[in-house]
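A.B. asks: Give me the fold of what follows.
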Amino acid sequence: MDAIHPLDEPKGGADAESAHFQKTMRQLENGQYQLRMSRKENSPHLPSNLNIAKKRATSLADKWKKQDPNVLKMYHDQIESYIKEG
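C.D. replies: Model (predicted):
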């Protein structure tokens with residue numbers, strides 16, 4: 001089975017989907033690829049869910065503190081490693 005490289009042009013020439021992919025993709029200096037998030041044209045503005053997310057995170061942290069403080073520390077350590085990795 002042949003591998004498909006993401007930058008290979010589909011058989012039959014470029015179509016609208018591959019043109020969109022090429023337009024919304026870029027390669028970073030470290031070699032990774034970055035894609036723009038998909039959005040519909042003229043989509044309505046979505047309200048912020050920051051307060052809800054903060055409440056959920058606080059609730060989860062409080063639950064872990066009560067059940068097993070080690071779980072909270074493991075979660076914290078994992079998030080810190082993600083931040084360090086970028």
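A.B. asks: what's the helix or strand for the residue nearest the centre of the chain?
C.D. replies: Centroid-nearest residue in the chain, with C-alpha atoms, centre = their mean: M37, separated by 8.8 Å. Using DSSP states H and E, M37 falls within no helix or strand.
A.B. asks: what about the strands in this protein?
C.D. replies: For the chain, the strands defined by DSSP state E cover 25-27, 33-35.
A.B. asks: tell me the most buried of those strands?
C.D. replies: strand 25-27 (a mean of 11; mean count of other C-beta atoms under 10 Å). For every residue, glycine as well, the C-beta is placed using N, CA and C.
A.B. asks: Return the list of strands paired to it, each annotated with direction.
C.D. replies: According to DSSP bridges, strand 25-27 has the following sheet partners: strand 33-35 (antiparallel).
A.B. asks: related to what we said a few turns ago, between the strands of the chain, which gets nearest to Q78?
C.D. replies: strand 33-35 (23.3 Å; C-beta to C-beta).
A.B. asks: now the strands of the chain in TSV, with mean pLDDT?
C.D. replies: Formatted as TSV, the strands of the chain follow (pLDDT from 0 to 100):
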stretch	mean pLDDT
strand 25-27	86
strand 33-35	85
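A.B. asks: In CSV, list these along with distance to L50.
C.D. replies: Formatted as CSV, the strands of the chain follow (distance: least, C-beta to C-beta, whole Å):
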stretch, distance to L50
strand 25-27, 28
strand 33-35, 24
